[in-house]
Structures are given as C-alpha cells and as structure tokens.
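[1] for reference, the sequence and a predicted model appear below.
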Amino acid sequence: MYIELLRLARRRLNIQVDEAIDAALSDPKVAKAEFLALPQPQNESKCIELLEAYYNILRDFVTPTIAADYLFLLRKFVEDRNLRYTLSNDCRFQLSIQGLLMSQYARFRKAVVGTTEVEESLDQLEDSVSRLRQGRYEHRNCIGITSNMIEGVVCRKTTNGQRTLGRAITGCGMFAHQNLMKCVTEFYNFASDFSNIRHGHAVNPNQLRPLKKEDAILAVALAVGLGSYIFDTDSSREVLDGDL
C-alpha cells in the first residue's frame, strides 16, 4: 500500500528519484517511512489533489474497508477543522457555501490592506457586528458603517476621480450589468433614507417599516459581497482555490 502511495505522491509533488535503485519501492517499511517524511504540498489545491488521489489508490486494494476507513477519518477531520469543504461519498472535496463566503471575506480583508479608509471601515464593521446581539441601536450603526464602506470602495476603484458614490460609481467598469451598478446606489440610498444613519433626520416614502437587526445582517452580507466584487473583481480563482 505505502509503495503505491509513495509512488503517486512523488509524481504529484514532482519529486524525482531513480526508481531502478530505489529501495523504498521494494520494501513497504522503507516506503512508509519515506511517505510519512514527504514535504507538505505548497498550496491547498495540491493538498486536495493528493488526498483525493490517495482514496483512489486505497480503493484498489483487496482489504474492503481500508478506503472506507480513510474516507471516514478524512471526513471527520474536514468537518471538525475546515469550514471550506464538505466531502462526497466518493472522496471529492466540495466547496461549501459557508466556505465560499468565508474565503471571499478573507480575500477582501487582505486586498484592502493599505487602503486606510476601507480598512478602517472593515475594522469598525467587525466591532459593530460583535456588539449587534446586545446593542439596542447597534443595527443602525452597523448599517451606517456598511454604507460608508461601500462608498469608500467605490471611490477607491473609480477611474473618474469623483469622491461621492453617486458620481464615482459610473467610473467603476467591473459591472456585468447596469442593474448591478444600480444595486450599489440603491443600497446606499436605503441607508440614507432612515434617520440617524447617514443623516440626522430622514423621512422618505420608500420606508416600509422601522429598521431591525435582520436589516443589519442583510446589510453586512450585501456590503461584503459588493465590496469584494468591486474592489477585488478578478479574485475568483484565489477565492475558489483557497489561495488567500
């Protein structure tokens, strides 16, 4: 078993050996020792590739439970320690929704480093979210921070030099559809239409009910999704591969 696992891992990790004189390929004990001493994969994608390939090797062995035992232990490890993935019955790593959203935020957080206004907005947003459950009015503060953050992102990425969201948004060329751009401005307008968020007094016929904490939760999700889309628009490979 370890001979086959070692041979596969070396090939996938581009480790060159002269197999004609390699003692590990004729001695399972030596193969096991060398297999356990192999270097770690350089990235998440390569790690997943190896883990899935090991299952295919184990599935070919006579012992009927060895592949099933490997799958059981690997699934338990993934469920206990990694939010990005679930594991299918044929040992395929599948990106989860919570993993996608977590990775998107981690990538966004990294991308804004050095952009003072956006980075500070994210710091403020994280603080606000931590108080959201107990704070009586924190949901309003949270919504205000999300709208400020979106404005900062738009002004940072615009190519027309404007410094307000309504004017700067037309200089952001990453949108696939006009209505996506409109979604950003309407989100900003939503925050402006309630008193004590962006303005001390705001009365607008578009208001349908008083604000509540569910609105803040939605605002956070929208702001992070839209902010990441605008600020780091070509980051899908990094988010999906876990290269954060």
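    Alright, I've got the coordinates. Numbering: from 1, shown residues only.

[2] most centrally placed residue in the chain?
    In the chain, the centroid-proximal residue (CA atoms, centre = their mean) is residue 103; its distance is 1.1 Å.

[3] need the three-state assignment for that residue.
    helix (DSSP: H, G, I helix; E, B strand; the rest coil).

[4] same question, residue 94
    Three-state assignment for residue 94 (three-state DSSP): strand.

[5] let the chain start at 215 from now.
    Understood, numbering begins at 215; the last thing we discussed is residue 308.

[6] does the residue nearest to it when sequence neighbours are not counted sit in a helix, a strand or a coil?
    Distances taken as CB to CB, 6 or more residues apart in numbering place residue 300 nearest to residue 308, at 5.0 Å, with adjacent residues excluded. C-beta: built from backbone N, CA, C; applies to glycine. Three-state assignment for residue 300 (three-state DSSP): strand.

[7] now the helices for this protein?
    In the chain, the helices defined using DSSP state H lie at 216-226, 242-250, 258-273, 280-295, 311-325, 330-345, 352-371, 379-382, 392-406, 427-445, 450-455.

[8] got those helices as JSON lines, with distance to residue 232 and mean pLDDT columns?
    Shown next, in JSON lines, are the helices of the chain (distance: least, CB to CB, whole Å; pLDDT from 0 to 100):
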{"stretch": "helix 216-226", "distance to residue 232": "12", "mean pLDDT": "94"}
{"stretch": "helix 242-250", "distance to residue 232": "14", "mean pLDDT": "95"}
{"stretch": "helix 258-273", "distance to residue 232": "22", "mean pLDDT": "94"}
{"stretch": "helix 280-295", "distance to residue 232": "29", "mean pLDDT": "93"}
{"stretch": "helix 311-325", "distance to residue 232": "41", "mean pLDDT": "95"}
{"stretch": "helix 330-345", "distance to residue 232": "52", "mean pLDDT": "96"}
{"stretch": "helix 352-371", "distance to residue 232": "53", "mean pLDDT": "96"}
{"stretch": "helix 379-382", "distance to residue 232": "62", "mean pLDDT": "96"}
{"stretch": "helix 392-406", "distance to residue 232": "57", "mean pLDDT": "94"}
{"stretch": "helix 427-445", "distance to residue 232": "48", "mean pLDDT": "97"}
{"stretch": "helix 450-455", "distance to residue 232": "33", "mean pLDDT": "92"}
